[in-house]
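Peer 1: sequence first, then the predicted structure, then my questions.
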2 protein chains.
Amino acid sequence: MSRRSRRTREKAVFTLEQLPVRSLANPYEPVRVLDEEQIEQLHDGSMRILEEVGLEIVNERARTLLVDHGAEIDSRTGYVRMDRGLLMEKISTIPDTFTLHARNPRWNSVYGQNHINFTLVASAPNCSDLDRGRRTGNFEDFCRFLKLGQTFNVVSCHSGYPVEPVDLPAHTRHLDAYLAFISLTEKPWHAYSLGKDRIEDALEMIRIARGIDVERLRREPSVMTVVNTNSPLKVDGPMLDGLMLMAEHGQPVVVTPFTLAGAMSPITMAGSLSQQNAEALGVLAITQMVNPGAPAMYGGFTSNVDMKSGSPAFGTPEYAKAVLAGGQLARRYGIPYRTSNVNASNCVDAQAAWESGMSLWAAVMSHGNMIKHSGGWLEGGLCASFEKLIVDMEMVQMMSEFLQPIRVDAEELALDAIQDVGAGGHFFSTRHTVERYRNAFYVPLCSDWSNFENWTDNGSMQTVQRANRLFKDVLEQYQEPEIDPSVREHLQDYVRLRKEEIRPQW
Amino acid sequence: MSRRSRRTREKAVFTLEQLPVRSLANPYEPVRVLDEEQIEQLHDGSMRILEEVGLEIVNERARTLLVDHGAEIDSRTGYVRMDRGLLMEKISTIPDTFTLHARNPRWNSVYGQNHINFTLVASAPNCSDLDRGRRTGNFEDFCRFLKLGQTFNVVSCHSGYPVEPVDLPAHTRHLDAYLAFISLTEKPWHAYSLGKDRIEDALEMIRIARGIDVERLRREPSVMTVVNTNSPLKVDGPMLDGLMLMAEHGQPVVVTPFTLAGAMSPITMAGSLSQQNAEALGVLAITQMVNPGAPAMYGGFTSNVDMKSGSPAFGTPEYAKAVLAGGQLARRYGIPYRTSNVNASNCVDAQAAWESGMSLWAAVMSHGNMIKHSGGWLEGGLCASFEKLIVDMEMVQMMSEFLQPIRVDAEELALDAIQDVGAGGHFFSTRHTVERYRNAFYVPLCSDWSNFENWTDNGSMQTVQRANRLFKDVLEQYQEPEIDPSVREHLQDYVRLRKEEIRPQW
């Protein structure tokens, strides 16, 4: 057989064995790293930050809104100060759960309580794979990530551009990106909150894609945005414009302070967490001043910097503790919680996996409702890796399976089988085993469980090489999901029209 | 500068930065994957196994002991059956905590309740490193592992031969191994429970090493053994001889059933766990019949086989659930718990790290008191890897640091620093940071947190390559701990004498 036809034959038999679509929830109690008194101390610390220091709100409309609701402007600094009574009253209207609607309802997903959603890497400037190495983000790779995100059942939604499509003109890039989200995937997605226009386009295009009106969109959140504060204590103008528009339309806003301990926040965990809490709650309050009851999420991203190099570190013991503490804080206020699967490795090696593993366990056991960057994040977020995406899908699938509780009943206890097999026997061929072996255990995506001799005979492939093969096989099999041709045409017209309207920003 | 002198200079400045010696405990609540009713169902299932099926006890003395205490011999199978009243009464005398004494009291360690101890890989037939590849276990490599185990502060004790020193004659191998444990390390160690002789030699040599008499040794446990059942439901004769002698002398016995779901136990988690529970408790009862109050541990090792290849799989979702469930069962009986850090990868890659990470998190959050195989296990236990040992030390150190609770007080909350820095500033040079930056965060052993450009300039080293360099640096710096020359001579005489006594076993 020629090399080519052998490869063709191999390709022909590839089928992706993955976990089924699940509405995933964590049935176990969250891990708590703080006691009740400590939570109240952190709460008090953050209230004092809002009361005594305040936030710099670089947006006139938002400042006015805050003052109208009872906040004060500090005459010395110009920061907006809020007392805890006002703050707590405002955030009390944030719903503890909401559903994010997809253009295919199969992918609707629930955020809040013990529901868990995993999303792909977002906002990486670079991407990489073993074949072509590391390169600047581009639209072709952007689309390949979307296709992978569509394919893997454990991915709930897209929480940003997996990689920045830098080859597209900056002023209209979002239109091409939105069209790609809608065409290549059926899952909900994310619009960057950089001014009103980008959000308006997102709202309009999601309405067209779902064939719904403004009122129904308001009742059925369909696109999310993540707003990062410019820590410490500063909130930029365009972010707030986007945030207020999203809240007005009832779309979920995730507020995530970027509190790297020792750089953008105090070097102590307690200091960073109380600052995170102050910034998150202070900005979340604005969403409720705009539209009480608008869905929103509390984002935690506290990590530490490497004090030798000043680089951010991720997946550290400090990170894991901060993630779990953040979950406790979010639950104290009854707000859905966003956290992340992160690492600082420069390649898809053991470090990438142990740092991600540390992040992921903490995120899952913190009752994180959205675990962002769960597929492909590398280099502290500076690179989206195709092979890391596969590694992450494996780890996320393992978590999904870990969250299926052990069943205990007479059938599962198998006393009869134990009696039949007796001492020193084996269970391989018992009826109890034969009836169950196909679906008994988690089937991995790219773990290799063969023995050393077989593994060597098969080329001593490391995980990253198996992941490389797998992501290409998946892409080769990808099929674009169906979309009504008239809807597609409507969307294409919208994009064309808007591209004509938008002037390049020099 | 020549290559050689540059290397010499590099070596000269190497100092191992590691965590200090800690008596480690888990301050957080354990993760529970079973509810109270399920625990009782598993308990009931295992009691029925002991009552209705029984264990095959291949040792006349142990059978007689069991019958004398009220057990019955099944007339059809010859298995020993115990009712739950008898079983529960016997295991009730197992202490919930004990201290293992080292020849240097600095390394005494506590087992039970929320105390955690990590031990190196044990019983691998092969070992490997990047320089010399994979090879059969030998005494030189055995000693190198012991030196590494002595050096890393997170290692509490040696729970077996890290790698089997196959080049030593089998019948006297244990004498050389014990002498190496005593000479090269100060930490407690383990004797294989393969007949009485090996245990007698261990007890005698630890007495000499510590300079104590039989009575004091009985009061101060100083050497442990792990007894694996020959699952399902069978317990081999020589194991039981060793177990009874250890119990008689008040030394801790760890009973670990080898329940691989689908092979040596039912394919269901509930079936495997109830069988594990029956075997562990049934054999633990024997230790208390010999010597009520003798220290002992409940070992959990339930994992699943890969139903495609029949190979054991480790660090799977099923494994993590079994580890956590095993902790709940051990706590129900108030018995210290042994679990493991395991994986099935054939090299030190991402899979090795995510499977170990999954095992380790579960082990730590199960309140495992001894986490065996925590340094160097690879290939499902068939290989002890020097680079994996370093990777594991990093992961174990991260867990140790994760278990240091967040401090919350006025100093840590840092409100003054937050006020001083204000909005949009940075914390790098604040007094609050400068006073703390040296010890603020976990300092890794071999994680590389440099940016992509620096990492590339430094040779794009993967974790396994950094680990390779590190273990060799550590070995180069190793210094043999002090020992009284007369004690050393006494031990050497003992070994020489015993070697003359022991006839080769053909």
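Peer 2: Great, that's in hand. These numbers were taken from a predicted model, which means no experiment stands behind them. Numbering: from 1, shown residues only, chains lettered A, B, ... in the order given.
Peer 1: residues in contact with the residue nearest to the spatial centre of chain A?
Peer 2: For chain A, the residue sitting closest to the mean C-alpha position, by Cα atoms, centre = their mean, is A:K372 at 1.8 Å. Applying Cβ atoms under 8 Å, 6 or more residues apart in numbering or on different chains, one finds that A:K372 lies in contact with A:119, A:122, A:159-160, A:226, A:338-341. Where you see a C-beta, it was placed from the backbone N, CA and C, and this is true even at glycine.
Peer 1: A:T172: which of the residues you listed is nearest?
Peer 2: Distances from A:T172 to these, taken as Cβ to Cβ, are shortest for A:G160 (17.9 Å).
Peer 1: surely the closest one and A:A124 touch.
Peer 2: No. A:G160 is not in contact with A:A124 according to Cβ atoms under 8 Å; the separation is 9.1 Å.
Peer 1: which of these two has more neighbours?
Peer 2: A:A124 (26 against 22; other Cβ atoms under 10 Å in any protein chain shown).
Peer 1: what about the more buried one, distance to chain B?
Peer 2: According to Cβ to the nearest Cβ, to the nearest Å, A:A124 stands 12 Å off from chain B.
Peer 1: and that residue, what are its bridge partners?
Peer 2: Beta-bridge partners for A:A124, by DSSP bridges, are A:V163.
Peer 1: roughly how far apart are it and A:V166?
Peer 2: Applying Cβ to Cβ, to the nearest Å, the value for A:A124 to A:V166 is 11 Å.
Peer 1: between the two, which contacts overlap?
Peer 2: A:G137.
Peer 1: for the longest helix anywhere in chain A, give the mean pLDDT please.
Peer 2: Ranked by residue count, the top helix of chain A under DSSP state H comes out as helix A:269-290. Helix A:269-290 shows a mean pLDDT of 98.
Peer 1: so A:V487: helix, strand or coil?
Peer 2: Under DSSP: H, G, I helix; E, B strand; the rest coil, A:V487 falls in the helix class.
Peer 1: tell me the pLDDT of it.
Peer 2: Here, the pLDDT recorded for A:V487 equals 98.
Peer 1: go on, A:M1?
Peer 2: According to the model, A:M1 scores 37 on pLDDT.
Peer 1: grab the nearest non-local neighbour of A:E56.
Peer 2: Closest residue to A:E56 apart from its sequence neighbours, by Cβ to Cβ, 6 or more residues apart in numbering or on different chains: B:A423 at 3.5 Å.
Peer 1: right, and the helix or strand after the strand ranked longest in chain A?
Peer 2: The longest strand of chain A (DSSP state E) is strand A:223-228. Next along the chain after strand A:223-228, taking DSSP states H and E as the criterion, comes strand A:234-235.
Peer 1: contacts for that following strand, please.
Peer 2: Residues from elsewhere that reach strand A:234-235, judged by Cβ under 8 Å, 6+ apart: A:55-59, A:62, A:227, A:229, A:279, A:283, B:423-424.
Peer 1: so which residues of the stretch 51-200 of chain A form helices?
Peer 2: Applying DSSP state H, counting those that start in this stretch to the stretch 51-200 of chain A gives helices spanning A:60-68, A:84-91, A:139-151, A:173-184, A:196-210.
Peer 1: for those helices, give me CSV that also has mean neighbour count.
Peer 2: Listed next are the helices of the stretch 51-200 of chain A as CSV, based on neighbours: other Cβ atoms under 10 Å in any protein chain shown:
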stretch, mean neighbour count
helix A:60-68, 16
helix A:84-91, 17
helix A:139-151, 21
helix A:173-184, 22
helix A:196-210, 21
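Peer 1: and the ones you listed: which comes nearest chain B?
Peer 2: Chain B lies closest to helix A:60-68 among the helices of the stretch 51-200 of chain A, at 13.2 Å (Cβ to the nearest Cβ).
Peer 1: other SSEs contacting the closest one?
Peer 2: Secondary-structure packing of helix A:60-68 (3 or more Cβ pairs under 8 Å, 6 or more residues apart in numbering or on different chains; DSSP states H and E): strand A:80-81, helix A:237-248, helix A:269-290.
Peer 1: if we use 7 Å, what do you get?
Peer 2: Judged by 3 or more Cβ pairs under 7 Å, 6 or more residues apart in numbering or on different chains; DSSP states H and E, the packing partners of helix A:60-68 are helix A:237-248, helix A:269-290.
Peer 1: those: which one's closest to chain B?
Peer 2: Closest of these to chain B is helix A:269-290, at 3.4 Å (criterion: Cβ to the nearest Cβ).
Peer 1: is chain B contacted by the closest one?
Peer 2: Yes. Applying Cβ under 7 Å from any Cβ of the partner chain, one finds helix A:269-290 touching chain B at A:269-271, A:274-275.
Peer 1: can you pull out the strands in the stretch 351-500 of chain A?
Peer 2: A:370-372, A:377-378, A:383-385 (DSSP state E, counting those that start in this stretch).
Peer 1: tell me the most buried of these?
Peer 2: Stretch with highest mean neighbour count among the strands of the stretch 351-500 of chain A: strand A:377-378 (a mean of 32; mean count of other Cβ atoms under 10 Å in any protein chain shown).
Peer 1: now that one, how far from the centre of its chain.
Peer 2: Relative to its chain's centre, strand A:377-378 lies at 12 Å (Cα atoms, centre = their mean, to the nearest Å).
Peer 1: same for that strand, what does it pack against?
Peer 2: Partner elements for strand A:377-378 (3+ Cβ pairs under 7 Å, 6+ apart): none found.
Peer 1: now do the helices in the stretch 401-506 of chain A.
Peer 2: Here the stretch 401-506 of chain A has its helices, by DSSP H, counting those that start in this stretch, at A:410-413, A:415-421, A:431-434, A:452-457, A:463-477, A:485-501.
Peer 1: A:E17: which of those helices is closest?
Peer 2: Closest to A:E17 of the helices of the stretch 401-506 of chain A, according to Cβ to Cβ: helix A:463-477, at 10.7 Å.
Peer 1: I'd say A:G195 and A:M239 touch.
Peer 2: No. With contacts counted by Cβ atoms under 7 Å, A:G195 stays clear of A:M239, the gap being 8.7 Å.
Peer 1: now do stretch A:345-365: distance to the chain's middle.
Peer 2: 15 Å.
Peer 1: can that stretch be said to contact chain B?
Peer 2: Yes. Counting by Cβ under 7 Å from any Cβ, chain B has neighbours in stretch A:345-365: A:346-354, A:357-358, A:361, A:365.
Peer 1: near chain B, which residues of the stretch 401-506 of chain A?
Peer 2: Residues of the stretch 401-506 of chain A lying near chain B (Cβ under 7 Å from any Cβ): A:401-402, A:405-408, A:412-415, A:417-419, A:421-428, A:432-433, A:436-437, A:440-442, A:447-452, A:455, A:462-464.
Peer 1: hang on, isn't A:C143 packed against A:L184?
Peer 2: Yes. Using Cβ under 7 Å, A:C143 is in contact with A:L184, at 6.0 Å.
Peer 1: in TSV: the strands of the stretch 351-500 of chain A, plus mean pLDDT.
Peer 2: Listed next are the strands of the stretch 351-500 of chain A as TSV, based on pLDDT from 0 to 100:
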stretch	mean pLDDT
strand A:370-372	98
strand A:377-378	98
strand A:383-385	98
